[in-house]
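Colleague: Take a look and give me a structure for this.
(one chain, ligands or ions: 1)
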Amino acid sequence: MSNPVVLIVGRLSGPKNDVILRILREVAPRVVEEFPAVRFQVVGGPVTAEHWALQEEFPWIRFEGHQSRLGPYYGAATLVIGAGRVALEAMGLQKPVVAIGERRYIGPLAPPQVEAAKATNFGDCWEGEAFDWDRMGRDILRLLGDKRARDLAARTGYGLVRAEYSLDRIFPRMEELYRETLFEKNLSSFHELPILMYHRVAEKPPAGSKYNLHILRSDLERQLRFLQNHGFTPTTFEDLPARRVPKKPVILTFDDGYEDNYRNLFPLLKKYRMKAVVFLLGDRRHKKNFWDIPQGESAAQLLTAGQIRQMAASGLVEFGAHSLNHVRLTRVGPREVRREVEGSKRELERFLKKPVVSFAYPYGDLNEETKKTVREAGYTFGIAVQKGPSRFADDLMEIRRVHMFPETSWIEYWKKTSGFYLRYRKLLGKN
Ligand SMILES: [Zn+2]
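Modeller: Modelled structure (predicted):
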């Protein structure tokens, strides 16, 4: 256990706040004396001047404010301090819980404390007050120092919550918390996930192509072989939240859903047993790249319904959304953004009969408002172009991709896929 985290979740007002402040002032310093690397992380609000002053005084305290996604915090915690709903959630996630409520200290959820915990809603409900700060300090030290004690507390809590509380009925949030926790765990296992962006896959260079939106099938095949030889496993966005992330992942993405993806990409995916993500327009009446043609780009067919179904059924292709009408989202009003973002999810889900989790911004065009709309529409991933943080999990609504041009050379390809490339570009101050 390198950097233990003691997580405290609770309201920072009224009696709860008093209890949290006393833990931080009277118990935490004792713990830090023996475990100098420990951090006390407090999630909840409102964070006031009094809290900031405390954080200033004790650098091992961090007030995180109110957080809507608690899963990652639970996931990273070594042990959790809390009462009521917090205790139950943490127990459900198999975290060791030290129960303390507004009225009394219960302690680690080992078998002897279970009855008292149940009777008092984990210390919230009690006549009078009963806090034993010394004992709390000793308990936390013991838990931090002894993995078996932590495991016992985690097991007891989990058993209690399974036996006594109808998890699924009382806590519909539980599943979401599980998902968030797992997800964060998976993502933290790798920091750089190269995501490559392609469009068309052509047999020969299309006549009069202006934007270089194609790669030759023979070049793509060479690139896939390169990935294979270097131990990369192409994965998809929908695979990330599950425990299915390969050791050296890469994501191949293809925008717009061109018909040549069926003819030239799909056979390669089957040949190499590799996965890819294709972003489709939600309005299934579009048959061609109508948005590029007025700019002088040559016309190209889009995938037919039958082709999409075959590709989806193979399990090798995830289909994501790319708006309804290939609209520049920062140039239209909020209502139209909503229509494009929500509408493409709804239409594609109806068509594919499964959830659509990823959204690629047309032209990589986005701002904070569009990101918010994409998140609120229920997508897990917002896919950008060359912008966004270089570390994959930093902003899931603005995921950076590397543009693959037809003339991308071998050495460039290698650099683009080997993670360090993004850091290297950053060092140079380029995007
Ligand atoms: Zn596009």
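
Colleague: Every contact and neighbour count from this point should use C-alpha atoms.
Modeller: OK.

Colleague: Can you tell me which residues in the chain are near the ion?
Modeller: Residues of the chain lying close to the ion (C-alpha under 5 Å from the ion) are Asp256, Pro362.

Colleague: Domain parsing of the chain, as residue ranges.
Modeller: Taking automatic domain parsing as the reference, the chain has its domains at 5-186, 190-427.

Colleague: Turn those domains into JSON lines, including mean neighbour count and mean pLDDT.
Modeller: Shown next, in JSON lines, are the domains of the chain (neighbours: other C-alpha atoms under 10 Å; pLDDT from 0 to 100):
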{"stretch": "domain 5-186", "mean neighbour count": "18", "mean pLDDT": "84"}
{"stretch": "domain 190-427", "mean neighbour count": "18", "mean pLDDT": "86"}
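
Colleague: Between its first and last residues, what's the separation in stretch 374-385?
Modeller: 16 Å (C-alpha to C-alpha, to the nearest Å).

Colleague: what does that stretch contact?
Modeller: 197, 237, 341-342, 345, 356-361, 363-366, 371, 396-403 (C-alpha atoms under 8 Å, 6 or more residues apart in numbering).

Colleague: same question, stretch 257-276
Modeller: Applying C-alpha under 8 Å, 6+ apart, the contact partners of stretch 257-276 are 199-203, 217, 221, 224, 233-236, 251-254, 278-281, 300-304, 307, 311, 315-318.

Colleague: could I have that stretch exported to PDB, CA atoms only?
Modeller: Taking Å, rounded to 0.1, in the frame of the first residue of the first chain, the C-alpha atoms of stretch 257-276 are listed here in PDB:
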ATOM      1  CA  GLY A 257     -19.300   5.400 -42.400                       C
ATOM      2  CA  TYR A 258     -18.100   5.100 -46.000                       C
ATOM      3  CA  GLU A 259     -19.300   2.200 -48.100                       C
ATOM      4  CA  ASP A 260     -15.600   1.300 -48.800                       C
ATOM      5  CA  ASN A 261     -15.300   0.500 -45.100                       C
ATOM      6  CA  TYR A 262     -17.400  -2.500 -45.800                       C
ATOM      7  CA  ARG A 263     -15.500  -3.500 -49.000                       C
ATOM      8  CA  ASN A 264     -11.900  -2.700 -47.800                       C
ATOM      9  CA  LEU A 265     -11.800  -2.400 -44.100                       C
ATOM     10  CA  PHE A 266     -14.100  -5.200 -43.000                       C
ATOM     11  CA  PRO A 267     -12.300  -8.000 -44.800                       C
ATOM     12  CA  LEU A 268      -9.000  -6.900 -43.100                       C
ATOM     13  CA  LEU A 269     -10.600  -6.800 -39.700                       C
ATOM     14  CA  LYS A 270     -11.800 -10.400 -40.300                       C
ATOM     15  CA  LYS A 271      -8.500 -11.500 -41.600                       C
ATOM     16  CA  TYR A 272      -6.500 -10.100 -38.600                       C
ATOM     17  CA  ARG A 273      -9.300 -10.600 -36.000                       C
ATOM     18  CA  MET A 274      -9.100  -6.900 -35.200                       C
ATOM     19  CA  LYS A 275     -11.700  -4.500 -34.000                       C
ATOM     20  CA  ALA A 276     -12.600  -1.000 -35.100                       C
END
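
Colleague: Tell me where the stretch 101-250 of the chain has helices.
Modeller: If DSSP state H, counting those that start in this stretch is used as the criterion, the helices of the stretch 101-250 of the chain fall at 114-119, 133-145, 147-164, 167-170, 173-188, 217-229.

Colleague: Turn the ones you listed into a markdown table, including distance to Gly378.
Modeller: Output for the helices of the stretch 101-250 of the chain, formatted as a markdown table (distance: least, C-alpha to C-alpha, whole Å):
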| stretch | distance to Gly378 |
| --- | --- |
| helix 114-119 | 36 |
| helix 133-145 | 38 |
| helix 147-164 | 29 |
| helix 167-170 | 21 |
| helix 173-188 | 13 |
| helix 217-229 | 32 |
